[in-house]
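>>> attaching a predicted model along with its sequence, questions to come.
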Amino acid sequence: MNFDEVQALWRSQDARPPYSFDEYILRYIVDQRRKELSRLFFREMVGVYGATLLALLGASLLPIAMYFSETFRTALDIVLVIGSVAPLLICAVAIHVVHARRKRLEPSFTSPLREAIERDLQRIDYEISRRTAFRHMLTMQGLPLISGVVIAIACIRINSMTLPIWFGPYLTLVVVGCLAWGVRSNNRRLERDLYPRRQELQALREKLNGVP
Amino acid sequence: MTQQKTFDEWIGAHRALLFKVVRAYAFTPHDREDLFQEIVIQVWRSVPSFRGESAVTTWLYRVALNCALAWSRERKKHPEVRELDGMELTLQDSHEARNPRLEWLYEQIAKLSEVDRSLTLLLLDGFSYRDIAEMLGISESNVGVKLNRIKARLVEHMSQENDSEL
């Protein structure tokens, strides 16, 4: 068998495909997946806009509470309001920036293969840089914690509560624990998913660019 | 033409193309089913972005190959079998007897790397070097070198096969 015969053999599949499929079932599956993708999109939107809404709600509650309480009078109170509101707002903006960037780098199946690989690599690199950069970790994990701590202190102040002796160490422990958990889950995602995926894509790109 | 109508027409007219990609990248009936569904869904989602700048077959090949490569990477990462929503019988073996020579050819293709598999499929379907270069995003000369190597390898395997038949 020579190469032309192989090609003829290959093309014989056009006339006699090796499989058949039920068009109704296929349409049903496409329909189901469409609904599933719409649900996922809706959930993503709820996550992004819900987080912003919660941040704005949280940011507005404390100033209101302090305004109506008798304690909203000193410079420390103003610091507390800013200290709790600002991190939440920064976080809300950061969520939108990350979301927009991810959307831009979503895989495109209609691009040439190399372009699709490059885009996928850019997406992975972005995820890696996000998870390894200190400023990103501070924005996404540190700021909500800072805000939480400030709100807790403000609440204590509004209610003129006397703190028990264990409260300080307990709060510190919670903050450190949350940060450690965040760092650990970040590292796990990097080691198990992002680094191997990047390696694989780089190898694929090399294979595509290089001469065998 | 509506998205649904275009999709139905293309899937109907170019099913053989999709089957070839599925068969070259997925090796069990379940995987073939899974990949076929993935490709079909991607085609459906990508139909609105078709601008008519290339032939439908070229465009479909591009979507199918991108999808197959992404699917292969995901499959390596999650080798466990994914549930197919109880609708597993989209793809049925045709009643005609399988051609053993074609089976052998697919076996040879399966031995190649994922990128070379794409090149081989496009070569066997008669695409020009220029089309292949555009589809893969590499230079024509690179395509030429790679294809010459693949062709030589295939011919060598074929002659070995012929010798063993004798």
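The structure has been received and is ready for your questions.
>>> shaky segments in chain B?
B:1, B:79-90, B:94-97, B:162-166 (pLDDT under 70).
>>> give me the residue from it nearest chain A.
B:G137 (3.1 Å; CB to the nearest CB). C-beta: built from backbone N, CA, C; applies to glycine.
>>> list the contacts for that residue?
Neighbour list for B:G137: A:111-115, A:208 [criterion: CB atoms under 8 Å, 6 or more residues apart in numbering or on different chains].
>>> please repeat the previous calculation with a cut-off of 10 Å.
By CB atoms under 10 Å, 6 or more residues apart in numbering or on different chains, the residues touching B:G137 are A:111-118, A:208-209, B:62.
>>> swap in A:G58?
A:84-85, A:87-89, A:91-92, A:144, A:147-148, A:151.
>>> out of those, which are inside helices?
Those of the contacts of A:G58 mapping onto helices are A:84-85, A:87-89, A:91-92, A:144, A:147-148, A:151, per DSSP state H.
>>> Throw those residues into a markdown table and include neighbour count, distance to B:S46 and pLDDT, thanks.
Formatted as a markdown table, the ones in helices among the contacts of A:G58 follow (neighbours: other CB atoms under 10 Å in any protein chain shown; distance: CB to CB, whole Å; pLDDT from 0 to 100):
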| residue | neighbour count | distance to B:S46 | pLDDT |
| --- | --- | --- | --- |
| A:S84 | 25 | 46 | 78 |
| A:V85 | 21 | 44 | 79 |
| A:P87 | 25 | 41 | 82 |
| A:L88 | 26 | 39 | 79 |
| A:L89 | 16 | 38 | 81 |
| A:C91 | 23 | 35 | 82 |
| A:A92 | 19 | 33 | 81 |
| A:P144 | 19 | 38 | 80 |
| A:S147 | 23 | 42 | 80 |
| A:G148 | 18 | 44 | 81 |
| A:I151 | 21 | 46 | 78 |
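>>> assumed B:R98 was part of a strand.
No: B:R98: not assigned to a strand; according to DSSP: H, G, I helix; E, B strand; the rest coil it is coil.
>>> what sits closest to it if chain neighbours are left out?
Closest residue to B:R98 apart from its sequence neighbours, by CB to CB, 6 or more residues apart in numbering or on different chains: A:P18 at 7.0 Å.
>>> verify the contact between the one you found and B:A16 for me.
Yes: using CB atoms under 10 Å, A:P18 makes contact with B:A16 at a distance of 8.6 Å.
>>> which of these two has more neighbours?
A:P18 (20 against 17; other CB atoms under 10 Å in any protein chain shown).
>>> that concludes my questions; thank you for your assistance.
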